[in-house]
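Peer 1: After the sequence you'll find the predicted model.
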Amino acid sequence: MTLRFASRNGRAHLVLGPDNRLVDLETASGGKFSSEPIDAFRRWKELREFAATLPADSGESCDVNGLDAPSPWPTQVFGIGLNYRSHAEESGLPIPGSPLTFTKYTSSVAHGNADIPLVGSSIDWEVELVVVIAEGGRDIAPENAWDHVAGMAVGQDISDRALQFASQPPQFSLGKSRKNYSPFGPWLIDAVDVPQRDALHMTCTLNGETVQDTSTDDLIFSVSDIISYLSGIVQLLPGDVIYTGTPGGVGVSRQPPVFLKPGDVLVSSIDGIGTTTNHCVAG
């Protein structure tokens with residue numbers, strides 16, 4: 001059984017069966033696991049073993065829109081810029097020699113289907129594969145990096161381009177950290193259960209029109225590369241979130257540029273991981 005992990009009302013849950021039934025982790029485990037999502041990430045291998053013992057028909061019906069982000073209050077949120085060849089090319093910028101890293105502040109984290117409040121007239125979409133750290137550490141070797149990943153989710157790195165380029169040189173972090181500008185979910189899929197996890201088909205549609213369509217094997221720096229690079233500088237912690245980059249097709253690079261407006265609907269999908277839907281609303 002594939003381990004799927006969710007958070008609701010700040011409590012850790014498992015998602016079971018084909019009809020997505022929700023089980024409170026602390027209750028189902030008789031207190032073996034706490035209600036804190038961060039505890040589950042610290043003990044991910046134990047959690048995998050425990051989840052396999054639960055019947056698929058246990059729990060209650062899951063309201064996807066009632067979930068939190070799977071890691072609702074991560075200590076660190078990393079973003080990787082220009083990490084798809086197609087995005088670097090459309091931006092007219094050279095391929096980076098090392099991961100171009102910024103932070104998305106924790107207060108911007110939201111569940112996968114969160115509404116996007118639009119502040120200003122230059123808000124852009126960026127579908128991304130998101131990974132959440134299980135056991136963290138420093139100086140993680142690339143060949144061991146996937147052992148430090150809890151799960152994978154669909155994310156949007158929503159970007160306020162005016163704020164991003166308000167100063168010279170540009171700064172990314174604030175422009176990508178407004179309320180709900182870091183949605184991901186709807187849950188985590190255990191990374192060990194994802195076949196071809198380095199080559200996943202990913203799409204984003206805007207009002208039904210495909211605007212991004214790629215495979216994650218177009219990443220310049222793979223998930224393993226990113227984790228090794230970051231852990232060589234900072235300590236990665238359980239529950240940390242990494243946005244791994246967006247492919248070509250963003251609004252600012254179109255001619256003329258296209259930005260989000262109230263009423264727009266973004267649908268983001270990664271094969272084998274899930275789908276999220278974000279409605280754009282006036283900020």
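Peer 2: Structure received. All values derive from a computational prediction rather than experimental measurement.
Peer 1: Name the nearest residue to Ala28, ignoring sequence neighbours.
Peer 2: Leu54 (6.4 Å; CB to CB, 6 or more residues apart in numbering). To be clear about C-beta, it is placed using only N, CA and C from the backbone, and glycine gets the same treatment.
Peer 1: that's a helix at that neighbour, yeah?
Peer 2: No: the assignment for Leu54, made by DSSP: H, G, I helix; E, B strand; the rest coil, is coil rather than a helix.
Peer 1: check contacts around it.
Peer 2: Leu14, Leu16, Val23, Ala28 (CB atoms under 8 Å, 6 or more residues apart in numbering).
Peer 1: Next: Trp125.
Peer 2: Contact partners of Trp125, counting by CB under 8 Å, 6+ apart, are Gln156, Ile158, Ser159, Cys204, Leu206, Val211, Gln212, Val250, Gly251, Leu260, Leu266.
Peer 1: Please tell me which one of those counts the most neighbours.
Peer 2: Ile158 (29 neighbours; other CB atoms under 10 Å).
Peer 1: Check what pLDDT that one gets.
Peer 2: You'll see Ile158 listed with a pLDDT of 98.
Peer 1: And Arg85, by the same measure?
Peer 2: 87.
Peer 1: From what I see, it and Ile220 are in contact.
Peer 2: Yes: here Arg85 reaches Ile220: they are 6.1 Å apart, a contact under CB atoms under 8 Å.
Peer 1: Show me the common contact partners of the two, please.
Peer 2: Residues touching both Arg85 and Ile220 (CB under 8 Å, 6+ apart): Ile95.
Peer 1: Count the neighbours of Met280 for me.
Peer 2: Quick fix: residue 280 is Cys, not Met. Cys280 has 22 nearby residues by other CB under 10 Å.
Peer 1: out of the contacts of Trp125, which are inside strands?
Peer 2: Gln156, Ser159, Cys204, Leu206, Val211, Gln212, Leu266 (DSSP state E).
Peer 1: Would you map the strands across the stretch 101-250 of the chain?
Peer 2: 109-111, 116-118, 123-124, 127-133, 149-156, 159-160, 182-190, 201-206, 209-215, 241-243 (DSSP state E, counting those that start in this stretch).
Peer 1: helices and strands around the last one, which ones?
Peer 2: Looking back up the chat, that one is strand 241-243. Contact here means 3 or more CB pairs under 8 Å, 6 or more residues apart in numbering; DSSP states H and E; on that basis strand 241-243 packs against strand 77-81, strand 127-133, strand 182-190, helix 223-231.
Peer 1: and with 6 Å instead?
Peer 2: With contacts taken as 3 or more CB pairs under 6 Å, 6 or more residues apart in numbering; DSSP states H and E, strand 241-243 sits against strand 77-81, strand 127-133.
Peer 1: What pairs with the shortest one, parallel or antiparallel?
Peer 2: Strand pairing for strand 77-81, using DSSP bridges, gives strand 100-103 (antiparallel), strand 241-243 (parallel).
Peer 1: show me what contacts Gly185?
Peer 2: Contact partners of Gly185, counting by CB atoms under 6 Å, 6 or more residues apart in numbering, are Ala69, Pro70, His111, Gly112, Ala153.
Peer 1: Same list (those residues) but as TSV, adding distance to Trp187 and neighbour count.
Peer 2: Shown next, in TSV, are those (distance: CB to CB, whole Å; neighbours: other CB atoms under 10 Å):
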residue	distance to Trp187	neighbour count
Ala69	10	29
Pro70	6	33
His111	10	23
Gly112	8	27
Ala153	7	27
